[in-house]
Structure formats: structure tokens, C-alpha cells
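K.L.:
kindly generate the corresponding structure for this input.
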Amino acid sequence: MTFQVQTVVTKPFDGQQPGTSGLRKATKVFMQPNYTENFVQATLTALGDTLKGSTLVVGGDGRFYGKEATLKIIQMCAANGVIKVIVAQNGVMSTPAVSCVIRKYKTDGGIILTASHNPGGLNADFGIKFNIANGGPAPAGVTEKIFDLSKKINEYYICPALKPDIGTIGSQQYAIEGFGNFTVQIVDSVQDYSDFMKEIFDFPAIRKLLTDVAADGKRSFKVLVNALHGVVGPYVKNILCQELGMPEEDAVNCVPLEDFGGGHPDPNLTYASHLVDELKKGIHNFGAAFDGDGDRNMVLGKNGFFVSPCDSLAVIAANLESIPYFQKTGVKGYARSMPTSAAVDRVAKDKGVEMFEVPTGWKFFGNLMDAGRLSLCGEESFGTGSDHIREKDGLWAVLAWLSIVASRKESVEDILTQHWNKYGRNFFTRYDYENCESAPAEQMINNLEKFISDPSVIGKSFSYNDKTFKIAIADNFEYTDPIDHSLSRKQGIRIIFEDGSRIVYRLSGTGSAGATIRLYVDSYESDKTKILLDAQVMLKPLVEIALQISQLRELTGRQQPNVIT
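P.N.:
This is a model prediction of the structure:
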């Protein structure tokens, strides 16, 4: 049987502009007739001459509408001359695993159905992103091409009668009108990723850590993991439980659900508070949570000891010798997003390793990795990863921490305390004001633009209680890529004070509606008598000054943030 290709007449939809992590909108927007098809066609067309005869990977975080969108993508790939699609079983595969599969099988890219840490469901969010052949998010040149094509699209191509079984592992062959053979290969969602983790980490050492029994007959090191009903659940059960010996009862919320159980799959102190509460009981030595698509993580020590993403990156950087992968490859360089604290910079200086500061967005790390100049990178938004793939990788980061604990035979808190004693501490906090009205949020940013453009602000002092800070630098961060020399402007308003303390303001592009204002504050402290003090107490003066300068409360009406990290 030969499947017919249909040409469907359509018209453009406004606003199909991919952000740093693809196109994210309300689920109901994607469910409109032709909306998903338009964006997928624009994405496929953007491949140009590579499209016909290409192989693509398709996977997603399992959220509502994912299976329907997966089928549409397969049908459209067939109708556009793609020769093979490698599809995750039931369409469910973590974003890091998709990157792994793209690279392992040397495909031409992949389409990932995810809105990351945003809620899922009919009345929540959906998203589609394209990753290129290196396994990383599409760079600006590709996303701009997709957007341009979406604005002038008038037809798309689809094989509506093609209905492969995406629930059964194996290959299915089809004949497509005008193109010939088309293969749909359904793969296990976890296996390739699990196999790769075994190559990177010392699994026997981690297994010993997780299974050793103390004199009282109880496990010496107890771990509690909460997957927040996201895509990482099956990976936790396969890798941490089956391969490494963690008891299944310590793997919580590990069944992926289309609406993430009605929760917000964002691994932070607010949305994973139940994990924090459990760790505070002192029963478990280590806790971890993951987001919807598996690229973010939160790490906790005993009694709920919180490891900030900035500190997590720095500690991993300082202990890479614990991981066999880096024993083989060596350490080429470190990088962080601009809003992330400079904790890892101090490790880089100490070890004589090249250090990069880039805009927010994982795609900026990819060029450095491909050029052989970057091994480890991270963002303050709970994203950590290395050059093993081209995405941030939540489970990789947790395995890295377990490797460090197994190697050093110390608690999470002791490891971090010793790190601060050696390098000093970058106190850091982030305030998220979610779903603000766009107009006042943009007005705030415009006002701040005027503020930093005034030369007279340099040297100006701001005080709160007994603390005074004098401005040394005020700008909107720009980044020239050292590999392709592309320039990225307006990546975040920075106010840097003479003592090195910083305030950063950004409007986030990861939400599907309204505006999310992110306020970042960090300050370095070398005094060993102060490194264990509470970050919110230490940073309170700078936070108040940041709110004073921005007039955020007055303009938005928001007196408190939704999330404090």
C-alpha cells in the first residue's frame, strides 16, 4: 500500500516565533486547526536541502496533546521526504535523552514536544522545539528562519492515513507517494541514555554508596528522588533503582502524567516543597527533584540543606576528577549563563581552566562545546550539564553529585562548607514574578534602560539600613560568540557595584502568557565567619535596593514574588 501525500491549504498564525527553547503557548493554541501543522512545516522547510532523505528523532515530555502531536509530526515527516524517524515509545523521552539519541545515531536533528518546567494539561502549556544535528537547541539563525517561514506559509504536506503504532518497539516500513520507503523506528525511551550514563560514571562506586548497610542494618546513605510526575520517572527507576540499587519506595512521583499530577513540574524550593519537607525530617542523606522534560534538577542534603544551582555547578567543577568521563577527556573549559553567580569562575581561576560567561539559553554553550573549548556548564535556573550531550541534563547532574559523595565519603553539607572555606561564597538569590501584565513589565525594563544609559549613575550610591553600594558598571549585557562571532544584544540589564555585587533584571521568554520578571542578586563573601549565614538575610539590602531602583512593586502591583530561589 502506498500512502498518499495531501497538500493542505493554510494561512499564517501570528506569533509563531521560537524563543530560547522553542515555541511555547497554551495547549489550546496548539490544538487549533493547522496551528501545530504550520509550525512543524516551517520547521521542516527550514532544513532546506537536508530535509529530503533525512533522519529525525521525535520525543517529548509526555504532557497532554503530546501523542496527537507526535502522530502529526510523523505524518508530516513522511510527506516531506524524511526517510526515517526515530520515535520514543509512546512519544515519551527526556530532552537530554533526545539529544543523546540524535548524537548516537548521527541524525539530522530532532523535534521535541515539551514546555519544560511549565504546567501541562488542556488548560496549561505545550511546546515544540527543534534540535539540530549536534543534539543542541536550534541557534538563532535557524529559529529566525522558522519564524520567517511561519509568517508566509500557505500550505503544508501530510499523510493523514499513516497511523503507526508508537507504543510497540521495533521498525515499521511504509511506502510514501513520490518518495518511496519511509521507516518509523520506535525505540525504548531510556535504554540509549542509560547505556551512555554507564560509560560516563563509575556505576559500581555509586551502587556501593546507595547499597552499603550500617551496623544497625539500615542503609548508610539514603536517597529520596521526586520526579514530579515528569518524564524522568522511568529513568530514575531504570538507572537509580534497577542499576544502582536505590529502593523503589524512595522514587516518588515517578509515573509520568499528562498534567504532571496537577502540579508545577519545576524543581525549586516552592514547587518541590514536599521534597524539602521530607528531607528536613533527617531520614534521607540526599534528595533530588527534576522538571517536566528532565533537563533541570534540584539537589538537597540532609535536613533539607539546599544546594543552589550556582554552587552545584561550582562544586561539580571542583570535583570533576571523580567522574571517569573527564578522566578520559580532560577538562577543556567552564561556562555559565550571565545571571548565574561567579562561584564557578573562582574554581576556573584556581584550576587554570578557561571560563566563559554567555547569555541565558543552552544553545550558547553548544558552539563552545563543538569547538572543543567547553566541558562543564550551567545556569542558575537549575540547569547543569556537560559536553556529553548538547542539552542541560538533570539526571546527569544528580549522578555527578552522587559520584562526588561516593568519592569523598562526605555529606553534601560538608562538601559545600569545605568548598566555601576554600573559595569563599557567592550568596545568590532569584525572585520570579510570574504572569505579570506585559505593559507595566515592559515599562519597568524601559525605565531601567534609561537609567543605565545615564552616565551620571556611575559612582552613584544606594543604601539600605547600614549597607551602602556604589555603582561601578551599568549596562545591558552583550555577547560576541568567540566561535562564530555572532553578536547577541540586550541579554539582561546589569548593575554591578564596586564590591562586585550584582543586580540583574530580565524578562523571561519561557512562559506561554504574560511576562515573567526575573530579578537576580548576588554578592561575594570571603569572611569565613559569614559563609554559613542565610542567603536571604545577607542579600536583603541588595534586594531592597534592586526593588527601589526598578520600582517593580509600584509598576506591577506585585508586593511579593511567586518564587524565591
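
K.L.:
report the beta-bridge partners for Ile112.
P.N.:
With DSSP bridges as the criterion, Ile112 is bridged to Gly59, Lys129.

K.L.:
got a list of what it touches?
P.N.:
Going by C-beta atoms under 8 Å, 6 or more residues apart in numbering, Ile112 touches 22, 59-60, 95, 98, 128-131, 293. Every C-beta, even on glycine, is put in place using the N, C-alpha and C of the backbone.

K.L.:
ditto for Lys198
P.N.:
Counted by C-beta under 8 Å, 6+ apart, Lys198 has contacts Glu243.

K.L.:
one more time with 10 Å
P.N.:
Lys198 is in contact with 239, 243, counting by C-beta atoms under 10 Å, 6 or more residues apart in numbering.

K.L.:
helix or strand right after whichever strand or helix holds it?
P.N.:
Element membership for Lys198 (DSSP states H and E) is helix 191-200. Sequence order places helix 203-211 as the next helix or strand after helix 191-200, per DSSP H and E.

K.L.:
tell me the mean pLDDT for that following helix?
P.N.:
Rounded to a whole number, the mean pLDDT of helix 203-211 is 98.

K.L.:
give me the neighbour count for Gln548.
P.N.:
Number of residues near Gln548 (other C-beta atoms under 10 Å) recorded here: 14.

K.L.:
what do you get for the one 5 residues further on?
P.N.:
The criterion is other C-beta under 10 Å. On that basis, Arg553 has 13 neighbouring residues.

K.L.:
now do the SS call for it.
P.N.:
Under DSSP: H, G, I helix; E, B strand; the rest coil, the three-state class of Arg553 is helix.

K.L.:
got the contact list for it?
P.N.:
So Arg553 contacts 433, 547, 559-560 (C-beta under 10 Å, 6+ apart).

K.L.:
the helix holding Lys198 to helix 203-211, inter-axis angle?
P.N.:
Angle of helix 191-200 versus helix 203-211, following axes from the mean of the first three to the mean of the last three C-alpha atoms, to 10 degrees, is 100 degrees.

K.L.:
may I see the buried residues of helix 191-200?
P.N.:
The neighbour-count check on helix 191-200 (16 or more other C-beta atoms under 10 Å) flags 192-194, 196-197, 200 as buried.

K.L.:
avg pLDDT for it?
P.N.:
Helix 191-200 carries an average pLDDT of 98.

K.L.:
likewise for stretch 336-343?
P.N.:
94.

K.L.:
could you tell me the end-to-end distance of stretch 419-430?
P.N.:
When the termini of stretch 419-430 are compared using C-alpha to C-alpha, to the nearest Å, they are 22 Å apart.

K.L.:
go through it and flag the buried ones.
P.N.:
Within stretch 419-430, the residues that count as buried by 16+ other C-beta under 10 Å are 419-420, 423-430.

K.L.:
how far away from the center of its chain is that stretch?
P.N.:
22 Å (C-alpha atoms, centre = their mean, to the nearest Å).

K.L.:
A strand includes Arg558, no?
P.N.:
No. Read with three-state DSSP, Arg558 is coil and lies in no strand.

K.L.:
state the pLDDT value of it.
P.N.:
88.

K.L.:
any idea how far Ser273 is from it?
P.N.:
According to C-beta to C-beta, to the nearest Å, Arg558 and Ser273 sit 21 Å apart.

K.L.:
how about Tyr433?
P.N.:
Tyr433 is 19 Å from Ser273, where distance means C-beta to C-beta.

K.L.:
more neighbours: those two, which one.
P.N.:
Taking neighbours as other C-beta under 10 Å, Tyr433 and Ser273 compare with Tyr433 leading, 22 against 11.

K.L.:
which SSE is that one in?
P.N.:
Assigned by DSSP H and E, Tyr433 falls within strand 425-436.

K.L.:
quick check: mean pLDDT across that strand?
P.N.:
91.

K.L.:
could you do stretch 12-23 as well?
P.N.:
On average, stretch 12-23 scores 90.

K.L.:
return the helix or strand in the protein with minimum mean pLDDT.
P.N.:
strand 563-564 (a mean of 84; mean pLDDT, DSSP states H and E).

K.L.:
check the offset of the strand holding Tyr433 from the chain's centre.
P.N.:
Strand 425-436 sits 16 Å away from the centroid of its parent chain (C-alpha atoms, centre = their mean).

K.L.:
report the buried residues of whatever helix or strand comes next after that strand.
P.N.:
Proceeding N to C from strand 425-436, the next assigned helix or strand is helix 438-453, under DSSP H and E. Residues 440-441, 444-445, 448, 451-452 are the ones in helix 438-453 that count as buried (16+ other C-beta under 10 Å).

K.L.:
likewise stretch 274-293?
P.N.:
For stretch 274-293, by 16+ other C-beta under 10 Å, it's 275-276, 278-279, 284-293.

K.L.:
quick one: which two of those residues are the most distant?
P.N.:
Spatial extent of those (C-beta to C-beta) is set by the pair Asn285 and Asp293 at 27.2 Å.

K.L.:
His9: neighbouring residues, count only.
P.N.:
One correction, residue 9 is Val, not His. Using other C-beta under 10 Å, Val9 has 8 other residues around it.

K.L.:
how near is it to Asn34?
P.N.:
On the measure of C-beta to C-beta, Val9 and Asn34 end up 9 Å apart.

K.L.:
so Ile169 sits right up against Ile186, yeah?
P.N.:
Yes. Taking contacts as C-beta atoms under 10 Å, Ile169 lies within contact range of Ile186: 5.2 Å.

K.L.:
what's the overlap in contacts for those two?
P.N.:
Contact criterion C-beta under 10 Å, 6+ apart; residues bridging Ile169 and Ile186 by contacting each: Gln89.

K.L.:
who's more crowded, the two?
P.N.:
Neighbour comparison, Ile169 and Ile186: the larger count goes to Ile186, with 21 against 13 (by other C-beta under 10 Å).

K.L.:
which other helices and strands contact the helix or strand containing the more buried one?
P.N.:
Using DSSP H and E, Ile186 maps to strand 180-187. Using 3 or more C-beta pairs under 10 Å, 6 or more residues apart in numbering; DSSP states H and E as the contact test, the elements touching strand 180-187 are strand 55-60, helix 66-79, strand 84-92, strand 170-176.

K.L.:
show me the helices in the stretch 251-400 of the chain, by range?
P.N.:
Per DSSP state H, counting those that start in this stretch, the stretch 251-400 of the chain carries helices over the ranges 273-279, 309-318, 324-329, 343-351, 363-370, 394-408.

K.L.:
hang on, I meant the stretch 401-550 of the chain
P.N.:
For the stretch 401-550 of the chain, the helices defined by DSSP H, counting those that start in this stretch cover 412-423, 438-453, 535-550.

K.L.:
just the C-alphas of the second one, formatted as PDB.
P.N.:
As requested, C-alpha coordinates have been extracted for helix 438-453 and formatted as PDB (Å, rounded to 0.1, in the frame of the first residue of the first chain):
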ATOM      1  CA  SER A 438       3.100  42.800  29.900                       C
ATOM      2  CA  ALA A 439       2.700  46.600  29.700                       C
ATOM      3  CA  PRO A 440       4.000  47.500  33.200                       C
ATOM      4  CA  ALA A 441       6.700  44.900  32.900                       C
ATOM      5  CA  GLU A 442       8.000  46.400  29.700                       C
ATOM      6  CA  GLN A 443       7.700  49.900  31.200                       C
ATOM      7  CA  MET A 444       9.900  48.800  34.000                       C
ATOM      8  CA  ILE A 445      12.500  47.500  31.600                       C
ATOM      9  CA  ASN A 446      12.300  50.700  29.500                       C
ATOM     10  CA  ASN A 447      12.800  52.800  32.600                       C
ATOM     11  CA  LEU A 448      15.800  50.700  33.600                       C
ATOM     12  CA  GLU A 449      17.200  51.100  30.000                       C
ATOM     13  CA  LYS A 450      17.100  54.900  30.500                       C
ATOM     14  CA  PHE A 451      18.700  54.500  34.000                       C
ATOM     15  CA  ILE A 452      21.700  52.600  32.800                       C
ATOM     16  CA  SER A 453      22.100  54.900  29.800                       C
END
